[in-house]
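J.: Got a sequence here, can you model it:
(chains A and B)
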Amino acid sequence: MAELTVLQALGPLSPQLVLLLAALLVLGLDLAWGEKRRGWLPSVALLGLAGTIVATMSLWGRREVLFGGVFVVDPSAVFFQVIAVLATALVILMSIDYFEGRATYTGEFYSLLLVASLAITLMAGSTDLIMVYLSIELLSIVSYVLTGFMREDRRSNEAALKYFLYGAAASATMLYGMSLLYGITGSTNLEEMAAVLGADAGGSMSWVVLAAVMLLLVGFGFKVSAVPFHQWAPDVYEGAPTPFTAFLSVASKAGGFAVLLRFFLTALPDLSVNWVGLIAALSVMTMTVGNLMAIFQKNIKRMLAYSSIAQAGYILIGLVCWRHTLGAYGGGISGVLLYLLAYLFTNLGAFTVVIIVERATGSNEIADYAGLMRRNPWLAAALFVFFLSLVGIPPTAVFVGKLLIFSSAIRLGYYGLAIIGVVNGVISMYYYYGVMRQAFFLPPKEDTPIVASPPLAVALGVTLVMTLGFLVFAQPFIQLASWSTL
Amino acid sequence: MTYAVFILFTLMALCGGVLVVTQRNLVRAATALVLSLFGVAGLYVLLEAGFLAAVQVLVYIGAIAILIIFAIMLTRRMVQGDESGLNRQWGWALVSAVVMFALFCYVVVKAWPLALGAVSAPAVPADSTEALGLALLDWEQYVLPFEIASVLLLSAMVGAVVIAREKHDS
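T.: Sure, this is the predicted structure:
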């Protein structure tokens, strides 16, 4: 009997088990194979990710509660697993040439990247504060190391230290909030917490819960890089190895949103505390500050950092509209999920272009994008498409996410939020145009053509096709997202 | 009697904490940290969490504080360090600390007693150490966090090696 439950529980956990095995395998093979065959490690990691996707497919549409309510598998958890695995696979493709001659321990990079992916899949299914905290911390600790992975590069070191110090402070603040919640409800389980808080008719606990929610938002906001917990992002994005910057901007952010959705919709669905107002305020600040600061950036990684902060602001509107579930594809939550998936392809595509240019020019300055069209017209055109998508122009990928989120906001009567979101979209055109102006209208500094190596070309192709054809290819995900009402 | 002991341990924890951040010499600050951690261990004993108190002494005082002192002694420049703990942002730090303190005071003093009637802490089991161990390995409770903690430690170890290992040219 006991063994049966063991097997029953391990089945839904198979994506995580495959990921962990792949991470350990890469670590072990790195040691066994030595210098000569190290080039095969990315392929091993990609194979592990393929296995994870197969395991994830078997969970499509299922709902399971595991380990007495510590962990669940449901459509939204599966959706975030897909995001984590896709992002990791693309980032591995982007890394293969990036580290050539720049870092010593590439085997450890892939292994730790797989662990980061594992942490995000765990964040998506955690329904107990202990598990939430452990999975966030697993992602954080691996991220600090990967940010500082280029040990010879001072900016990488500085970024890692800054990320670590901010992260430690954010974690400690979040733990304080968790301890308050445990103290007042007597449970770390989100469902049980919701039951106790729901039974609190007089609202006598609401002050404590409000304080706890504000403290928790420090930790969650840090992960999604929401203003005012965003200060780490530009420095870390600039200093980290570019493929890992790309990972932080899509996968780590998605993990933060997974925890945000899970926590608020499971533990506080009855709105005894006005967390929707808090999230709306956070959203407005994040959109506006992100877009305004992006205008002044000279370095493309810093610009994309602020752009990524602004995108988090748009996505937060979806959480504000979580109650809107009308229609097959409508609704705030499916909007958040699809936005994150669309943003994954678009932003990873933009970062692929950044890596290709960085390898050719050795620079991330926007001024060095001058004449990109003459040096490689395909690259310039691809960057143009990705920027169109980041602004939200139809029929690109992010347009779909923005449409769902803004229409939910309008249906629920949050006109102010929708208008601020649209105005911010217009502001963002300005700084994307700045890069496009360099790429298309200014003369190149050098005439040597820029060539993309095969793995980077594959990454670019996949992201470009998915960005342009999101509505065609994303049908199964749109369906999965429509089940993910939590 | 319990109250007097509580006051004693609280003073130890708080004074230790204040000394940690005000001492200019890092060795002294690290020693004050031991005092603060010991005070917290005492509070655990008062809360009938004997195992946690023992872990606090063994891990935090026995290992972490000693490790910090070793780290300071090995980086020689810091032993004689006489730098102020304040930087340009101390004013903002003070403001946010006061705001946080006021918030917590309000929550604990004003809001908490109202809620106490709703939930009462469960009784401490007779053998809390055994209960803790069983819960960590119970399939219906905390076995997943327990295992993930080991993944976390393994990744941290790999990361530490990657960051700290001396470069060797092959």
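J.: all contacts plus neighbour counts: C-alpha atoms, from now on.
T.: Will do.
J.: how about the longest helix seen in chain A: buried residues?
T.: Looking across chain A with DSSP state H, the single longest helix is helix A:154-185. Within helix A:154-185, the residues that qualify as buried are A:155-164, A:167-168, A:170-171, A:173-178, A:180-185, counting by 16 or more other C-alpha atoms under 10 Å in any protein chain shown.
J.: now stretch B:23-39
T.: Buried residues in stretch B:23-39, counted by 16+ other C-alpha under 10 Å: B:23-27, B:29-39.
J.: nearest to chain A, of those residues?
T.: Nearest to chain A, judged by C-alpha to the nearest C-alpha, of those is residue B:37 at 16.3 Å.
J.: Contact partners for that closest one?
T.: B:13, B:16, B:56, B:57, B:60, B:61 (C-alpha atoms under 8 Å, 6 or more residues apart in numbering or on different chains).
J.: need these in JSON lines with distance to residue A:368, can you?
T.: Below are the contacts of residue B:37 laid out as JSON lines (distance: C-alpha to C-alpha, whole Å):
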{"residue": "B:13", "distance to residue A:368": "55"}
{"residue": "B:16", "distance to residue A:368": "53"}
{"residue": "B:56", "distance to residue A:368": "55"}
{"residue": "B:57", "distance to residue A:368": "56"}
{"residue": "B:60", "distance to residue A:368": "51"}
{"residue": "B:61", "distance to residue A:368": "53"}
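J.: Which of these are buried? Put it as a PyMOL command.
T.: Remark: buried members of these, expressed as a PyMOL selection using 16+ other C-alpha under 10 Å:
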select buried, chain B and resi 13+16+56+57+60+61
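J.: which among the contacts of residue B:37 gets closest to residue B:133?
T.: Within the contacts of residue B:37, proximity to residue B:133 (C-alpha to C-alpha) peaks at residue B:56, which comes in at 16.5 Å.
J.: what's around the closest residue to the closest one other than its chain neighbours, how many residues?
T.: What sits nearest to residue B:56 in space, not counting adjacent residues and going by C-alpha to C-alpha, 6 or more residues apart in numbering or on different chains, is residue B:41, at 5.7 Å. Neighbours of residue B:41 under the rule other C-alpha atoms under 10 Å in any protein chain shown: 25.
J.: Wait, a helix at residue B:41?
T.: Yes - counting by DSSP: H, G, I helix; E, B strand; the rest coil, residue B:41 is part of a helix.
J.: shouldn't residue A:256 be in contact with residue A:224?
T.: Yes - between residue A:256 and residue A:224 there is a contact under C-alpha atoms under 8 Å: 5.1 Å.
J.: These two: who's more crowded?
T.: The neighbour count for residue A:256 versus residue A:224, taken as other C-alpha under 10 Å, is higher for residue A:224 (31 against 21).
J.: ok now do the more buried one, which residues does it touch?
T.: A:252, A:253, A:254, A:255, A:256, A:257, A:309, A:312.
J.: Could you check which helix or strand contains residue A:479?
T.: Per DSSP states H and E: residue A:479 is located in helix A:475-483.
J.: ok, residue A:91 touching residue A:243?
T.: Yes - with contact defined as C-alpha under 8 Å, residue A:91 reaches residue A:243; the gap is 5.7 Å.
J.: buried set for stretch B:48-62?
T.: For stretch B:48-62, burial by neighbour count (16+ other C-alpha under 10 Å) applies to B:49, B:50, B:51, B:52, B:53, B:56, B:57, B:60, B:61.
J.: First-to-last residue distance for it?
T.: End-to-end span of stretch B:48-62 (C-alpha to C-alpha, to the nearest Å): 21 Å.
J.: repeat for stretch A:144-154
T.: For stretch A:144-154, the first-to-last residue distance is 15 Å (C-alpha to C-alpha).
J.: pLDDT score for the residue nearest the centre of chain B?
T.: Against the mean C-alpha coordinate of chain B, by C-alpha atoms, centre = their mean, the closest residue is residue B:37 at 6.7 Å. Per-residue confidence (pLDDT) for residue B:37: 93.
J.: give the contact list for the closest residue in space to residue B:103 that isn't next to it in sequence.
T.: The shortest distance from residue B:103 to any non-neighbouring residue, by C-alpha to C-alpha, 6+ apart, is to residue A:211 (7.5 Å). Residue A:211 makes contact with A:177, B:103, B:104, B:107, according to C-alpha under 8 Å, 6+ apart.
J.: nearest to residue A:390, of the residues you listed?
T.: Using C-alpha to C-alpha, these come closest to residue A:390 at residue A:177, 34.1 Å.
J.: what's the spacing between the closest one and chain B?
T.: Computed as C-alpha to the nearest C-alpha, to the nearest Å, the residue A:177 to chain B distance reads 11 Å.
J.: same deal with residue A:311?
T.: 28 Å.
J.: show me the contacts for that residue.
T.: By C-alpha under 8 Å, 6+ apart, the contact set of residue A:311 is residue A:287.
J.: May I ask which helix or strand encompasses it?
T.: helix A:300-320.
J.: got the residues of chain A near chain B?
T.: Residues of chain A that fall close to chain B, judged by C-alpha under 8 Å from any C-alpha of the partner chain: A:6, A:66-70, A:105, A:108, A:112, A:115, A:130-131, A:134-135, A:137-138, A:141-142, A:145, A:148-149, A:151, A:184-186, A:200, A:204-205, A:207-208, A:211.
J.: Report how many residues lie close to residue A:99.
T.: Neighbour count of residue A:99, defined by other C-alpha under 10 Å: 17.
J.: Was I right to think it contacts residue A:106?
T.: Yes - using C-alpha under 8 Å, residue A:99 is in contact with residue A:106, at 7.2 Å.
J.: Can you flag the buried ones in the contacts of residue A:211?
T.: A:177, B:104, B:107.
J.: How confident was the prediction at the last one?
T.: It stands for residue B:107. At residue B:107, the pLDDT recorded in the model is 80.
J.: and if you look at the first one?
T.: Here the pLDDT value assigned to residue A:177 is 92.
J.: The second one too?
T.: In this model, residue B:104 is scored at 83, pLDDT.
J.: could you measure it against residue A:209, distance?
T.: Taking C-alpha to C-alpha as the criterion, residue B:104 is separated from residue A:209 by 12 Å.
J.: Past the helix or strand where the residue nearest to residue B:103 lies, which element shows up next along the chain?
T.: Element membership for residue A:211, per DSSP H and E: helix A:206-224. As assigned by DSSP H and E, the chain's next helix or strand after helix A:206-224 is helix A:232-239.
J.: Helix, strand, or coil at the residue in chain B positioned nearest to chain A?
T.: Proximity of chain B to chain A (C-alpha to the nearest C-alpha) peaks at residue B:140, 4.3 Å away. Recorded secondary structure, residue B:140: coil (three-state DSSP).
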